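Student: Could you work out the structure for the sequence below:
(chains A and B)
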2 protein chains.
Amino acid sequence: MKLKIKDMDVETGGPLVAVMHVDDAKMLDFHHGDRVRLTYKDRKAVSILNLAESKRSVPIGSIGCYEEVLRKLGAKGGQKVGIALEEKPASVQYIKKKLNGGTLTYKEFYQIVSDISQNKLNDIELTYFVSACHTNVMTLRETIDLTKAMIATGDVLKLKKKPVIDKHCVGGVAGNRTTMIIVPILAAAGLTVPKTSSRSITSPAGTADTVEVLTKVSFNVDRMKKIVNKIGACMVWGGSINLAPADDRIIRVEHPLSIDSRSQLLASIIAKKASVSATHVLVDIPVGRGAKIETMDKARDLKRQFEVIGRSVGISIKVIITDGSQPIGNGLGPALEARDVMWILRNDEKGPRDLRKKSVMMAGLILEMAGKARKGQGKEKALDLLESGKAYKKMQEIIRAQGGKVKRPEDLPIAKFAQDVFAAKSGRITHIDNTYISKIARAAGAPRDSTAGVYLYLHKNDLVKKGEILFTIYSNSRQRLDFAREQTRLNVGFEIK
Amino acid sequence: MKLKIKDMDVETGGPLVAVMHVDDAKMLDFHHGDRVRLTYKDRKAVSILNLAESKRSVPIGSIGCYEEVLRKLGAKGGQKVGIALEEKPASVQYIKKKLNGGTLTYKEFYQIVSDISQNKLNDIELTYFVSACHTNVMTLRETIDLTKAMIATGDVLKLKKKPVIDKHCVGGVAGNRTTMIIVPILAAAGLTVPKTSSRSITSPAGTADTVEVLTKVSFNVDRMKKIVNKIGACMVWGGSINLAPADDRIIRVEHPLSIDSRSQLLASIIAKKASVSATHVLVDIPVGRGAKIETMDKARDLKRQFEVIGRSVGISIKVIITDGSQPIGNGLGPALEARDVMWILRNDEKGPRDLRKKSVMMAGLILEMAGKARKGQGKEKALDLLESGKAYKKMQEIIRAQGGKVKRPEDLPIAKFAQDVFAAKSGRITHIDNTYISKIARAAGAPRDSTAGVYLYLHKNDLVKKGEILFTIYSNSRQRLDFAREQTRLNVGFEIK
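Tutor: Numbers count the residues shown, from 1 in each chain, chains lettered A, B, ... in the order given. Below you'll find the model as predicted:
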């Protein structure tokens, strides 16, 4: 069977895709999403088949080829290519097994993750995999095997100087920018900390967004390795490093239904830690009203899973359960959070005490885990590294190594319009809802506008008088400021009793 | 936010699709598969967003529009369109509910099926729906509600002359072309039989493929209605009638994993019967080794569900459980099966007795259901309609009304190369595997080549001598014939003991 190439003049950006008219497909018994083997001279390209229903798109007797296919074949529009049905990848049957309630082995997970990484599965097949893992709860054994498969199929950043430290926060708490304080403290103690962070998904800022206020965050693995080898640490955006290609594709099909699959999340977090050669990892699970994890039972269950999976892949994971019932730090939004961090590192009294305290506690635990402090003395050592200015000095090194210039906290640009929000009555603040305050900061423009956000003056348990200022909203647009102000009226997230 | 249109010069054949460069999408916080509302002057087009990673495909600041989008907007390449994020359709949250183990209501199913019919869900969302219904077993109540939703969202062929008869076979048995004998018998008795059938998926021939050997099968609803009103019956291809648009889309995403979801199948079969205004339906569940349903328990469970759902939507459904452990009829492949059917209708002794007997039994049951015969006397009446030549006369009317010319069975073209297969030993035939014999017929070229296939001389329980002919393979290609011959050696599907 030979078909004439129609050059579609479009790149997919990765997957090999070919398009056939639906009448040809019926005749050949081909279906949408089938894999077809296209051949031209001695070259071949296994492509995902799409069907066109209009002859204008792809005429009968032709095969529409995207640029990736043409490059792989070394062929041009008008030339003839052979076409045949290609067997489905082996992983498809394993996905079906899981969908039907079966339990998968390491080898089966390896095949699936490997096929995902190599772009061999189409969106429909990938969705069935995510769906199957979500609905047919995975056993701990399966989660471990999935983790190992993700590690085995991904790249690894090899670092010689052990121990290699990483940390992770399960998220859901506004502010909470501990990473940017912990990393300089640990690096100042001589530990290796190759930190990758994510950008915001639903919060006013992710760690990568906040670091980006101070310096660059997009590097490839080689550049990242050079920085870490030189100064012992880095703080880069994980999305720019291609250490877990399967993960990005999985997240893409999770997005339409906001699927949040526990096992997949665990596997992907731990695999990412393994991919930077981490030997010791501290995981923070904030728990409480308005946090991602709302009950202690769930937090403890998650803690146990982190520890068991960590052990099974040779990483020492310590998990702490912290108070996640309110924002941590005063600023919410990239620049406002970066300013808080810099104030703390410079031991400026404007630095928020809650964020400072939590960061020192966590850094202390890691110093103990990594053998840099005796049990019970880590916190003291962390505090010393912070107060002596050594941590700030390390932060300056990191900023410069990543291509930034060190600025004073006061010189970081903040959005030009401000709007204060006042207490409607007197009393004690009993709750500040993370989701509520994040919505306001995002309405003001964060994180796209890095200078926008919210600055809190009060925290839970503080006493407040009617008319006293609770927080200020910053935005570069009056319209957005009004929109953010409206959000404060629609929700009840700041409780005073 | 305004973007410049890039005319992609491609039609999708239905769905509205727009493509944005991945960097623009990141900036706007848009994701692959999101719905975006494009606006041009006073017109709008809600489209599914795809992301391009190459600037050659879609430059920064541009939006690539497929033809359907441009037509809907009345806009051209180079013009500026507004873009904003559109809310997800309500059905997305219901799909998530089902995925998380919830139970859906009629209203929720209606919204989902309606959104599927209107092409509002992307492949990923649709796959989650299929997956959720497959993995989280549906209650009978849910299956009924899904059936009702499918009926309510589809078109209906309105027919005045009641009762309106339909039949359905669960499938899995090679040959078994009862429809083409039953329909003429019933129509000859004065019943209305607006029969739609499918093409083959994994068998050597579907009923639509076999009817097509004798006459045309592709009609729209209006033409179908005219034929039925004129001669009381038709036998057309269901795929050409747009009575169940959601169903086709669901099948498309089931295909990659060959998902066979019981509840969805039940709902879709019964909704299709309702869409032709059927009042009485006979369902055949073949059961046995090598059939789709292998145990009596499963067959009885399915029977009960058919009856309950039928009752709930006002259709009288009778279910029979028949022997599905071997092929029925001698010919396998469109022309060979059509020849068997015509021999039976002409009362030619070459007509296979098993197919004749089963068809008469089924036609008799329907005559009783529809009040055309007293209980226990249907079979006799069916036999009379067949033997008197009235059924054959009706078949001739159907063939002509659908645009065909009546041919003698002997004049139907059969593939030019033949290869006999002989018994390797003497004994009794204890099993003829449906899957095995179908594979051979398909390897020979059926159903794409309508003249190819297999002709059986012996059936289960027949005595055979070593070297006696078991069956003949027909093909138009020597290569295919050899390939089919090889299949007979690889499998053990013809057991002699």
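
Student: Only C-alpha atoms from now on, for both contacts and neighbour counts.
Tutor: Will do.

Student: just the helices in the stretch 151-300 of chain A please.
Tutor: Here the stretch 151-300 of chain A has its helices, by DSSP state H, counting those that start in this stretch, at A:179-188, A:207-214, A:221-231, A:245-254, A:262-275, A:296-312.

Student: To chain B, which of these lies closest?
Tutor: Proximity to chain B (Cα to the nearest Cα) singles out helix A:245-254 among those, at 6.6 Å.

Student: is the closest one anywhere near chain B?
Tutor: Yes: applying Cα under 8 Å from any Cα of the partner chain, one finds helix A:245-254 touching chain B at A:252-253.

Student: what's next to that helix, contact-wise?
Tutor: Contact with helix A:245-254 is made by A:113-114, A:116-117, A:123, A:126-127, A:130, A:150, A:154, A:260, A:268, B:31-32, B:124, as judged by Cα atoms under 8 Å, 6 or more residues apart in numbering or on different chains.

Student: any weak-confidence spans in the stretch 351-497 of chain A?
Tutor: Residue ranges of the stretch 351-497 of chain A with pLDDT under 70: A:490-492.

Student: Tell me where it has helices.
Tutor: Counting by DSSP H, counting those that start in this stretch, the helices of the stretch 351-497 of chain A are A:353-369, A:378-387, A:390-401, A:434-443, A:478-490.

Student: how about those, which one is nearest residue B:434?
Tutor: Residue B:434 sits nearest to helix A:434-443 of all the helices of the stretch 351-497 of chain A, at 59.2 Å, using Cα to Cα.

Student: Around residue A:79, count how many other residues there are.
Tutor: Look at residue A:79: counted by other Cα atoms under 10 Å in any protein chain shown, it has 14 neighbours.

Student: How about residue A:159?
Tutor: The burial count for residue A:159: 16, using other Cα under 10 Å.

Student: before we move on, what about residue A:90?
Tutor: Neighbourhood size, residue A:90 [other Cα under 10 Å]: 12.

Student: Would you confirm that it contacts residue A:111?
Tutor: Yes: Residue A:90 is within contact range of residue A:111, at 7.2 Å (criterion: Cα atoms under 8 Å).

Student: got the residues of the stretch 51-200 of chain A near chain B?
Tutor: Contact residues, the stretch 51-200 of chain A versus chain B (Cα under 8 Å from any Cα): A:52-54, A:56-57, A:92-93, A:96, A:99-101, A:123-125, A:127-128, A:131-132, A:135-136.

Student: mind redoing it with 7 Å?
Tutor: A:52-54, A:57, A:92, A:96, A:99-100, A:123-125, A:127-128, A:131, A:135 (Cα under 7 Å from any Cα of the partner chain).

Student: Which ones among those lie within helices?
Tutor: A:92, A:96, A:99, A:123-125, A:127-128, A:131, A:135 (DSSP state H).

Student: Residue A:20 and residue A:63 touch, don't they?
Tutor: Yes: counting by Cα atoms under 7 Å, residue A:20 touches residue A:63, with 5.1 Å between them.

Student: Now for these two: what residues contact both?
Tutor: Counting by Cα atoms under 7 Å, 6 or more residues apart in numbering or on different chains, no residue touches both residue A:20 and residue A:63.

Student: Show me where the stretch 201-350 of chain A dips below the pLDDT cut-off.
Tutor: Along the stretch 201-350 of chain A, segments meeting pLDDT under 70 are nowhere present.

Student: Let's see that with 80 instead.
Tutor: For the stretch 201-350 of chain A, the stretches with pLDDT under 80 are A:201-202, A:240, A:242-245, A:248, A:260.

Student: longest strand of chain A?
Tutor: strand A:43-52 (DSSP state E).

Student: returning to that earlier point: in CSV: the helices of the stretch 351-497 of chain A, plus distance to chain B and mean neighbour count.
Tutor: Shown next, in CSV, are the helices of the stretch 351-497 of chain A (distance: least, Cα to the nearest Cα, whole Å; neighbours: other Cα atoms under 10 Å in any protein chain shown):
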stretch, distance to chain B, mean neighbour count
helix A:353-369, 28, 21
helix A:378-387, 36, 20
helix A:390-401, 24, 21
helix A:434-443, 12, 24
helix A:478-490, 15, 16
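
Student: What mean pLDDT does the longest strand of chain A get?
Tutor: What strand A:43-52 shows for mean pLDDT is 90.

Student: which residues are in contact with that strand?
Tutor: Contact with strand A:43-52 is made by A:16-22, A:32-39, A:58, A:69, A:72-73, B:12-13, as judged by Cα under 7 Å, 6+ apart.

Student: what's the answer for stretch A:389-397, then?
Tutor: Contacts with stretch A:389-397, where a contact means Cα under 7 Å, 6+ apart, come from A:184-185, A:187-188, A:345-346, A:385, A:406.
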